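Visitor: after the sequence you'll find the predicted model.
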Amino acid sequence: MRGYFCQISGVIVSVGFECYRIGDLLLDAGTQEVTRNSAAVPVPRLSFKLLLSLARHAPNVVSTQKLEEEVWSGLVVDRGTINKRVLLLRKALGEDKGEGPYITVIRGSGYRLDVPVERVGSDPEKAGIQEAAAQTWYQRSSGTIRTISYWLLGIVAILALYEGFQGPVQNSTGQRSGSDTGTSQQPAAVYSRQSVAVLPFVDLSDGKAHQYLGDGIAEEVINLLAGMGELEVAARTSSFSFRDSSLTAMEIAGELRVGTILEGSIRHEGNQMRVTAQLIDTQNGYHIWSQNYDRTFDQVFAVQDDIALNIAQALKLTLDESDKPDSGKGTTENFEAFSQYLKGRELLNERIHLRSAGLRQALVYFEKAVELDPVFARAHAGIAAVYSLMTSYDTTLDQEAYFELAEASAGFALEIDPGSTEAMSVLAWIHAARGELEQAVALFDQIRLAGSKDSNIIHWQAMLHMRLGYFDELIPELMEAYRRDPLNEHIGWSLATTYGFSGQPGKAKEILQTLEGFTYRDYNLGLAAIYGGNFDQARELLRDVRLRSGVLPEFYADMLVDALEDPNGPEECAMMLVSASRQGDLDELIAFESLLILGSPRAFDLDIDPFSIAKTQILAQVWNNWGVELRRDPRFKEWVVSLGYVDFWRKYGWPDRCRPTGPEDFECI
């Protein structure tokens, strides 16, 4: 690729690949510099790429899709990420200080530059003349040095422009990711120092009684780093899955698709602790930064902040006031209360495996933390989370009573810290479970605006949208969450289920096969096998499988698959399921979920109140791909009206399989 010189008023500024005059700014793509009146204007890496894309297309409007392709090449980002990056670019260019304005938002279309844009030195013939003229300086050196100089300039420009190396990488099975439309295509692995995974800090003390503290420090550092706009941070679930792993830092980085790894350890003796942290460049295994901290336990917050700040400095991030770490926000100065909170948080994070027993013990720790510090907002939010989730793991409990307890604790947390996304997410989950759809969506939107990337919250929001019948629009956001948190079972399940509903069973199957310990893995693989026409495999997977409602006995599993394989079989199977339920041979809710899987309108014969179903995700099965007859039944219309879906659809947009047919009517297929 041939370079050319930026030339202004006949003066050669630099050798580059593209240069643009943008109002009073000069952008040089070769050196990745922006200047105003010869003075440098510091612009972060992604902001520079965004400005370059807008300049290339000026004066035209650039769609968000085009920006995603050009600025975040190989990644999937949501509209909120693009909006935030535009705001950061405006700030870097000085719009908040009276410069510009440079960028205009075209609602519903995208963005464009609002100042004159001129490509400088873009004529290839003139560029060649300028290049030849400029070589007279190099002719003072030997031919070899001159050749090396050009090669180095070209290499530096290419690396600076593309920010690293891109290409297909091997997955955990040793296969290269490809473009097969029948498989889930992960975004291309991108090496960048500005992507990091934080591993659990190992407790090296005798007895290892403070491992929860090592986990807590690592989790807090993840949260602090995730708040820095220029940094990509692997989520906690995926990073922590490598606890006690024998893999090297470079191998872990390959699994998580990051360029740097932060690992560390803690030692304690009495009230003293030593925290060691080291940031590793996974391309060469060298340390970018490392430090030891000898502190008392009550100085842990300062240590967390300092680690995050040092990482930002080591990676040369540009931080504004909102990016600067502050792990003390919403927390406590009482170290014992913080310790109890961390113990509770550890159990809450392991609820998939520890079930209701783990949640009950987590509640004990959170309540002890609140007893030690009554204004500890995050501990109140922890209590709220436990209460809101308990009935999902123990269906014998009174759901509404526990929801009321959760609301009270979330309210306390928000009184202390109005910005607590943890408390807001609990309230959003409760509203969704009650069918208070607009309140739930409003809270999820508020959480999103706060910049949260919590995988649990993304999963809960996805579950709500699936129940409402939205699938295709969920896929980009879930792909981004899965890229950031590839080992999170709930995110993987959400994405796989969305692929299944949207008619992409191959992609669903690929993800589900990686979720070896997930409770509903075989259930969802069975549905994917049915959709793909592999009925023998579906029988094997669904026999005695755990549905959301309970275990499906082998006899009924075989009957269900046989009916779906035989075009004339569903009606007879549906009648048998209804009969078995009424005679007490099959649990009513298992029969109901089985009828939804079958796509039979006889599910409505059981007269089950949808608001009585604690595991609300059962309701999403009305959208399965072979449930057309069910969705055309008049009782389906009554059902979705009673659930509040139709009012929501009319206000926020119709889902993938429904459309209005008049002012007061609609149809679903």
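Guide: Now that the structure is in, tell me what you want to look at. Numbers count the residues shown, from 1 in each chain.
Visitor: excluding residues flanking it in the chain, which one is nearest residue 601?
Guide: residue 633 (3.6 Å; C-beta to C-beta, 6 or more residues apart in numbering). The C-beta positions use only the backbone N, C-alpha and C, and glycine is treated the same way.
Visitor: ok, now how distant is the one you found from residue 531?
Guide: Applying C-beta to C-beta, to the nearest Å, the value for residue 633 to residue 531 is 21 Å.
Visitor: so between these two, which is more surrounded?
Guide: More crowded of residue 633 and residue 531, by other C-beta atoms under 10 Å: residue 531, with 21 against 17.
Visitor: burial of the closest residue to that one other than its chain neighbours, as a residue count?
Guide: Nearest residue to residue 531, sequence neighbours excluded (C-beta to C-beta, 6+ apart): residue 505, at 4.2 Å. When neighbours are counted by other C-beta under 10 Å, residue 505 registers 23.
Visitor: and residue 525, what element?
Guide: helix 521-531 (DSSP states H and E).
Visitor: now residue 492
Guide: helix 489-501.
Visitor: run through who's touching that helix.
Guide: Helix 489-501 has contacts (C-beta atoms under 8 Å, 6 or more residues apart in numbering) with 184, 237, 352, 455-456, 458-459, 462-463, 466, 471, 474-475, 478-479, 481-482, 485-486, 505, 507-509, 511-512, 514-515, 517-518, 520-521, 524, 527-528, 531, 620, 623-625.
Visitor: using CSV, list the CA coordinates for that helix.
Guide: The C-alpha atoms that make up helix 489-501 are tabulated as CSV, following Å, rounded to 0.1, in the frame of the first residue of the first chain:
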residue,chain,number,x,y,z
GLU,A,489,-23.9,-20.5,31.4
HIS,A,490,-26.9,-18.1,31.6
ILE,A,491,-25.6,-15.9,28.8
GLY,A,492,-24.8,-18.9,26.6
TRP,A,493,-28.3,-20.4,27.3
SER,A,494,-30.0,-17.0,26.5
LEU,A,495,-28.1,-16.7,23.2
ALA,A,496,-28.7,-20.4,22.3
THR,A,497,-32.5,-20.1,23.1
THR,A,498,-32.8,-17.0,21.1
TYR,A,499,-31.1,-18.7,18.1
GLY,A,500,-33.5,-21.6,18.5
PHE,A,501,-36.6,-19.3,18.5
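Visitor: roughly how far is that helix from the heart of the chain?
Guide: 13 Å (C-alpha atoms, centre = their mean, to the nearest Å).
Visitor: and for stretch 249-263?
Guide: A distance of 18 Å separates the centroid of the chain from that of stretch 249-263, by C-alpha atoms, centre = their mean.
Visitor: show me which residues of it are buried.
Guide: 249, 252-263 (16 or more other C-beta atoms under 10 Å).
Visitor: which members of the residues you listed occur in strands, if any?
Guide: Counting by DSSP state E, the part of the buried residues of stretch 249-263 found in strands is 260-263.
Visitor: got the CA positions of the next helix or strand after the helix holding residue 492 in CSV?
Guide: Counting by DSSP H and E, the next helix or strand C-terminal to helix 489-501 is helix 505-512. What follows is helix 505-512, C-alpha atoms only, in CSV (Å, rounded to 0.1, in the frame of the first residue of the first chain):
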residue,chain,number,x,y,z
PRO,A,505,-30.8,-24.6,15.5
GLY,A,506,-27.2,-25.2,14.3
LYS,A,507,-26.0,-22.1,16.1
ALA,A,508,-28.0,-23.0,19.2
LYS,A,509,-26.6,-26.5,19.3
GLU,A,510,-23.0,-25.3,19.0
ILE,A,511,-23.3,-23.1,22.1
LEU,A,512,-25.4,-25.6,24.1
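Visitor: any idea of the angle helix 505-512 forms with helix 521-531?
Guide: With axes from the mean of the first three to the mean of the last three C-alpha atoms, to 10 degrees defining the directions, helix 505-512 sits at 170 degrees from helix 521-531.
Visitor: just the buried residues of helix 505-512, please?
Guide: 505, 507-512.
Visitor: and for stretch 595-615?
Guide: 595-605, 608, 610, 613-615.
Visitor: from those residues, which has minimum pLDDT?
Guide: Least confident of the buried residues of stretch 595-615 in the model: residue 614, at 72.
Visitor: for that residue, give its distance to residue 392.
Guide: 7 Å.
Visitor: quick check: residue 71 touching residue 85?
Guide: Yes: with contact defined as C-beta atoms under 8 Å, residue 71 reaches residue 85; the gap is 7.4 Å.
Visitor: that's a helix at residue 20, yeah?
Guide: No: using DSSP: H, G, I helix; E, B strand; the rest coil, the assignment for residue 20 is strand, not a helix.
Visitor: which residues touch it?
Guide: Residue 20 makes contacts with 26-27, 52, 55, 58, 117-120, as judged by C-beta under 8 Å, 6+ apart.
Visitor: and if you look at residue 380?
Guide: Residue 380 touches 366, 370, 409-410, 412-413, 416, 423, counting by C-beta under 8 Å, 6+ apart.
Visitor: which element, helix or strand, includes the residue lying closest to it once chain neighbours are set aside?
Guide: With C-beta to C-beta, 6+ apart as the criterion, residue 380 has its nearest non-adjacent residue at 3.9 Å, and that residue is residue 413. Assigned by DSSP H and E, residue 413 belongs to helix 399-416.
Visitor: can you name every helix or strand that that helix contacts?
Guide: helix 377-393, helix 421-434 (3 or more C-beta pairs under 8 Å, 6 or more residues apart in numbering; DSSP states H and E).
Visitor: which one of the ones you listed lies closest to residue 347?
Guide: Among the helices and strands packed on helix 399-416, helix 377-393 comes nearest to residue 347, with 9.0 Å by C-beta to C-beta.
Visitor: residue contacts, residue 262?
Guide: By C-beta under 8 Å, 6+ apart, the contact set of residue 262 is 196-199, 218, 221, 277-280, 307, 311.
Visitor: can you tell me how far it is from residue 488?
Guide: From residue 262 to residue 488 the distance is 19 Å (C-beta to C-beta).
Visitor: what do you get for residue 523?
Guide: From residue 523 over to residue 488 the distance is 18 Å, taken as C-beta to C-beta.
Visitor: quick one, strands of the stretch 201-350 of the chain?
Guide: Counting by DSSP state E, counting those that start in this stretch, the stretch 201-350 of the chain has strands at residues 202-203, 232-233, 260-269, 272-281, 287-296.
Visitor: follow-up on the earlier one: how about a markdown table for the helices and strands packed on helix 399-416, with mean pLDDT added?
Guide: Shown next, in a markdown table, are these (pLDDT from 0 to 100):
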| stretch | mean pLDDT |
| --- | --- |
| helix 377-393 | 91 |
| helix 421-434 | 91 |
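Visitor: just the endpoints, please. Distance across stretch 596-607?
Guide: Using C-alpha to C-alpha, to the nearest Å, the end-to-end distance of stretch 596-607 comes to 13 Å.
Visitor: list of residues touching it?
Guide: Defining contact as C-beta under 8 Å, 6+ apart, one finds that stretch 596-607 is touched by 527, 560, 563-564, 570-571, 573-575, 577-578, 581, 588, 591-592, 595, 618, 621-622, 624, 626-630, 632-633, 635-636, 639.
Visitor: let me see the contact set for residue 269.
Guide: residue 205.
Visitor: cutoff 7 Å now
Guide: With contacts defined as C-beta atoms under 7 Å, 6 or more residues apart in numbering, residue 269 is in contact with no residue.
Visitor: where's it relative to residue 296, distance?
Guide: 11 Å.
Visitor: repeat that for residue 652.
Guide: 52 Å.
Visitor: any idea how far the helix or strand following the helix holding residue 525 is from the chain center?
Guide: For helix 521-531, the succeeding helix or strand toward the C-terminus, using DSSP H and E, is helix 535-542. Distance of helix 535-542 from its chain centroid, counting by C-alpha atoms, centre = their mean, is 32 Å.
Visitor: ditto for stretch 361-381
Guide: With C-alpha atoms, centre = their mean, you get 28 Å for stretch 361-381.
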